[in-house]
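Visitor: Provided below are the primary sequence and the corresponding predicted coordinates.
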Amino acid sequence: MARSDQKFKTSFNTWLDSVAVGNCPESISGLARLLGVSRTLARSILHRAREIGLIAEDSFPVVFLRKTTKSDYFSNADIRSLEEQLETDFMMWLRTTQPPPGSRLREAVLARQFGVSNTTIREFLIGLSRFGFIRKEPQRSWILEGFTEQYALELHEVRQMFETRAISAIFTIPKEAPFWGKMLRIRQEHIQLRKEIDTRFIEFSELDSRFHRILNAATGNRFMDGFQDSISLIFHFHYRWSNKNQVERIILAIREHLEIIDAILDRNQIGAVKALERHLATAHQTFVASIHRD
């Protein structure tokens, strides 16, 4: 996907999220400022909205012909960057193949598997190696590492510190910001996945990663966002849930996510922090159990 095309699609979705919370700037300059884009790109967003029958004209004042729907949004696959797509594909590969700790991975094989260059896959693996998830070996190969219970404890402490900070940052976001529309949208995604859990349970790892990334992104801290990319892979690699009770465990995680989301939408900061702590405790317990199983 071209960078400009990705920017347009991401900005269009963000605009729809702002519309969902009643925030619609009254000028092209205001729309451009809201989305952090050029006025040319802002005009393209309005043009697309007119094409899909959402607004009457791609000019101001904006006249909406109907309410926004899920089909108006570009899909998550459409707006992912190459790095995010690679992370998602790698996570799903781990989830389905379940390679045990100590497995050897070769750059060329992974590059073919995910349809990227050897350089791209190497940079991706180097990023993961910072967290001890994998270890570099000679001849462009890598080893998946196992973790100790002490490692799990340290990882849990850092994750709790980062995400609690993110919850605090969320409650400083203006009520008209697109963030709140995004929370409404991901809430609906959780509800829909719960309804279709028997056939879509494998999709939870991607939704879980995206949910926690949204929380961390609220801080505007690039290091926290990068941390979330790696922690998602580490946790989902070690979940490697057995067939026994896997759907029930996913349902529990969805319920815990919804408790966090609902507290956030209710502007209940204390409730959101408590719900987050419960969820992270559950994730930590599952992580430790997987280490013992290994």
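Guide: Thanks, I have the structure now.

Visitor: chain center to the helix or strand where Leu105 lies, what's the gap?
Guide: Assigned by DSSP states H and E, Leu105 belongs to strand 104-106. Its chain's C-alpha centre lies 26 Å from the corresponding centre of strand 104-106 when counted by C-alpha atoms, centre = their mean, to the nearest Å.

Visitor: ok, it: who's next to it in the sheet?
Guide: Pairing partners of strand 104-106, with direction, according to DSSP bridges: strand 141-144 (antiparallel).

Visitor: average pLDDT across the partner strand?
Guide: Strand 141-144 shows a mean pLDDT of 90.

Visitor: same thing with stretch 101-121?
Guide: The average pLDDT within stretch 101-121 is 92.

Visitor: quick one: buried residues of the helix or strand just after the strand holding Leu105?
Guide: As assigned by DSSP H and E, the chain's next helix or strand after strand 104-106 is helix 107-114. By 16 or more other C-beta atoms under 10 Å, the buried positions in helix 107-114 come out as 107, 110-111, 114. Just so you know, the C-beta spots here come from the backbone N, C-alpha and C atoms, and that holds for glycine as well.

Visitor: quickly name whichever of the residues you listed is closest to Val19.
Guide: Phe114 (35.0 Å; C-beta to C-beta).

Visitor: report the central residue of this protein.
Guide: Arg210 (1.3 Å; C-alpha atoms, centre = their mean).

Visitor: what sits against that residue?
Guide: Neighbouring residues of Arg210 by C-beta atoms under 8 Å, 6 or more residues apart in numbering: 76, 186.

Visitor: and it, its phi and psi?
Guide: phi -70, psi -40 (degrees, to the nearest 10).

Visitor: cool, and Glu137?
Guide: Backbone torsions of Glu137, given as degrees, to the nearest 10, read phi -120, psi 160.

Visitor: and the closest residue to it other than its chain neighbours, how far from Met92?
Guide: Nearest non-adjacent residue to Glu137, counting by C-beta to C-beta, 6 or more residues apart in numbering: Ile143, 5.7 Å away. Remark: distance between Ile143 and Met92 (C-beta to C-beta, to the nearest Å) = 21 Å.

Visitor: shaky segments in the stretch 151-294 of the chain?
Guide: Where the stretch 151-294 of the chain drops to pLDDT under 70, the residues are 226, 229, 233, 236-244, 292-294.

Visitor: show me where it has helices.
Guide: Along the stretch 151-294 of the chain, counting by DSSP state H, counting those that start in this stretch, helices occupy 178-195, 197-200, 204-217, 222-239, 246-265, 269-293.

Visitor: and among those, the most buried is which?
Guide: helix 204-217 (a mean of 21; mean count of other C-beta atoms under 10 Å).

Visitor: got the angle for that helix vs helix 178-195?
Guide: Interaxial angle, helix 204-217 versus helix 178-195 (axes from the mean of the first three to the mean of the last three C-alpha atoms, to 10 degrees): 160 degrees.

Visitor: and helix 204-217, how far out from the chain's middle?
Guide: Using C-alpha atoms, centre = their mean, the offset of helix 204-217 from its chain centre is 3 Å.

Visitor: so it versus helix 246-265, what angle?
Guide: For helix 204-217 against helix 246-265, the angle by the same axes, to 10 degrees is 20 degrees.

Visitor: tabulate the CA atom coordinates of helix 204-217 in PDB.
Guide: Output in PDB follows, covering the C-alpha atoms of helix 204-217 (Å, rounded to 0.1, in the frame of the first residue of the first chain):
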ATOM      1  CA  PHE A 204      -8.900 -12.500  19.000                       C
ATOM      2  CA  SER A 205      -5.200 -12.100  19.100                       C
ATOM      3  CA  GLU A 206      -5.300  -9.300  16.500                       C
ATOM      4  CA  LEU A 207      -8.200  -7.600  18.200                       C
ATOM      5  CA  ASP A 208      -6.400  -7.800  21.600                       C
ATOM      6  CA  SER A 209      -3.200  -6.300  20.100                       C
ATOM      7  CA  ARG A 210      -5.100  -3.500  18.500                       C
ATOM      8  CA  PHE A 211      -7.100  -2.700  21.600                       C
ATOM      9  CA  HIS A 212      -4.000  -2.400  23.800                       C
ATOM     10  CA  ARG A 213      -2.300  -0.400  21.100                       C
ATOM     11  CA  ILE A 214      -5.200   2.100  21.100                       C
ATOM     12  CA  LEU A 215      -4.800   2.500  24.900                       C
ATOM     13  CA  ASN A 216      -1.100   3.100  24.700                       C
ATOM     14  CA  ALA A 217      -1.400   5.400  21.800                       C
END
